[in-house]
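Participant: Next comes the sequence, and after it the predicted model I'd like to discuss.
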Amino acid sequence: MTGVDGRERAEQRPVRRGGMRVWVIPVVAAGLISAMTFPGQTAGLSAFTDPLIRALHASRTEISTSYLIGTLLGALAQPLFGRALDRWGARRIAILVTLAFALILIAVSFAEGITGLTLGFVGLRMTGQGALSLAATTAIARAVHHRRGLALGITSAIGSGGVSLAPIGIEHLLLKVGYANTWRWEAAALILIVIPLALLLPRPRAARTATGSVVVVDGWTAKEAARSGMFWVLAGTVATSSMLGTGLAFHQIALLGQQGLTPIQAAANFLPQTVTSLLATLLAGALVDRLPPKLVMCFAMLTLAAAMLMLPLVSTTWSATLYGLVLGAAGGSLRGIEVATYVRYYGQANIGSIRGIAIGIAIASSALGPLALAAGHDITGTFTTPVTVLAAIPVLMAVLALIVRTPRRQALALDLR
């Protein structure tokens, strides 16, 4: 691999048909694929907790520990999926992962003990929360050059909106057909919906020189990216959002109940969170094309810290709604810029490998959030102290985002002769 002058870089042109840009088709397809990862996401699995406790005669602690182990082990595989994306492309990997995802859902529906359930959680978190969403967003990051941030913001908004709404349908299925058949219905839906959508994902078209022998791509290797401070700051902000956001959501009923809200009022707080999360995702995705990403990273972290510091002050439905709006904006704004920022700082040549590492860190962090808040509650007898103390983490990440040096981009030439 050798460096090439930036003037020789041939950028892929947006796909056109009849003079119209049509990246909206793969963008929407990728968003719907991301939404269909819900069987492996926390929102899609949390509804199964009580049915599993009854069916497997397990304690809530055993189910939670099983979920924790599954999440941590599933995170370890993400760098491998990232490298596979760089080598074989998002469309092919998305189809293979979908087939594996569906088979795992069918297999876990037959689990009769905590060991089988844990193995199932490993597979579901590995393929659902990690690999499939990684494939969908990576495909758009590579294919779209004009308003990439907006395109990725739309993809993320569709995905997060679908995952947020999925529990409504899951609850109806659980009541009608039970948890085992619900998992089987989810497997069938993956095959019927995701595979046709995966065929709409764009194939990356390499740019060639006049000789046709050299593909010019721009980007860093995963090892080079990992040696830059900004990689760890960006990965750290995403991990912080994942850890604390998951912890706050996991304990939301108890957290807001401690502040005087009823379980119904506490559950209803997910609605304002979802609304501002979607709006912030779209807005941040559009702005990241024009603003330095570190400013949005800083905003997301400070907003998360603000939401956590607001929590002890919640005492009414209106103050709880304000808390939900701020918390949703924090997660949504970071979600809207994450993929575009990695491409902007490190290029697209090895974006799958680079994001595979970062996604693995984020997934592992999501498993620690609920545990950290639960442990803090057990020690202090309240959620107020641990939430206040943990608010220091996003503040630290905001400061690092501002002071760490922005990476310089580079280009790599791959000789195909």
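Facilitator: Everything's here; your move.

Participant: Would you quantify the distance from Ile104 to Gly82?
Facilitator: Distance of Ile104 to Gly82, computed by Cβ to Cβ, to the nearest Å: 20 Å. In this view, the C-beta of every residue, glycine as well, is placed from N, C-alpha and C.

Participant: before we move on, what about Ala307?
Facilitator: 31 Å.

Participant: and if you look at Phe101?
Facilitator: The gap separating Phe101 from Gly82 is 17 Å, by Cβ to Cβ.

Participant: which one of those two has more residues nearby?
Facilitator: Gly82 (28 against 25; other Cβ atoms under 10 Å).

Participant: ok, now which ones touch the more buried one?
Facilitator: By Cβ atoms under 8 Å, 6 or more residues apart in numbering, the contact set of Gly82 is Leu134, Ala222, Gly352, Ser353, Ile354, Arg355, Gly356, Ile357, Ile359.

Participant: Which residue, neighbours along the chain excluded, lies closest to it?
Facilitator: Gly356 (1.9 Å; Cβ to Cβ, 6 or more residues apart in numbering).

Participant: For that neighbour, grab phi and psi.
Facilitator: phi -60, psi -40 (degrees, to the nearest 10).

Participant: For the stretch 251-400 of the chain, which segments count as helices?
Facilitator: Shown for the stretch 251-400 of the chain, the helices assigned by DSSP state H, counting those that start in this stretch span residues 252-258, 263-268, 270-287, 293-310, 317-346, 351-380, 384-390, 392-403.

Participant: Give me the spatial nearest neighbour of Ser319, chain neighbours excluded.
Facilitator: Leu313 (6.5 Å).

Participant: likewise Val108?
Facilitator: Nearest non-adjacent residue to Val108, counting by Cβ to Cβ, 6+ apart: Gly120, 2.9 Å away.

Participant: hang on, that neighbour is in a helix, isn't it?
Facilitator: Yes. Secondary structure of Gly120 (DSSP: H, G, I helix; E, B strand; the rest coil): part of a helix.

Participant: just checking, what packs against the helix or strand where Tyr67 lies?
Facilitator: Taking DSSP states H and E as the criterion, Tyr67 maps to helix 60-76. Where contact means 3 or more Cβ pairs under 8 Å, 6 or more residues apart in numbering; DSSP states H and E, helix 60-76 is packed against helix 49-56, helix 114-124, helix 351-380.

Participant: Quick check: mean pLDDT of the last one?
Facilitator: The reference is to helix 351-380. Helix 351-380 shows a mean pLDDT of 89.
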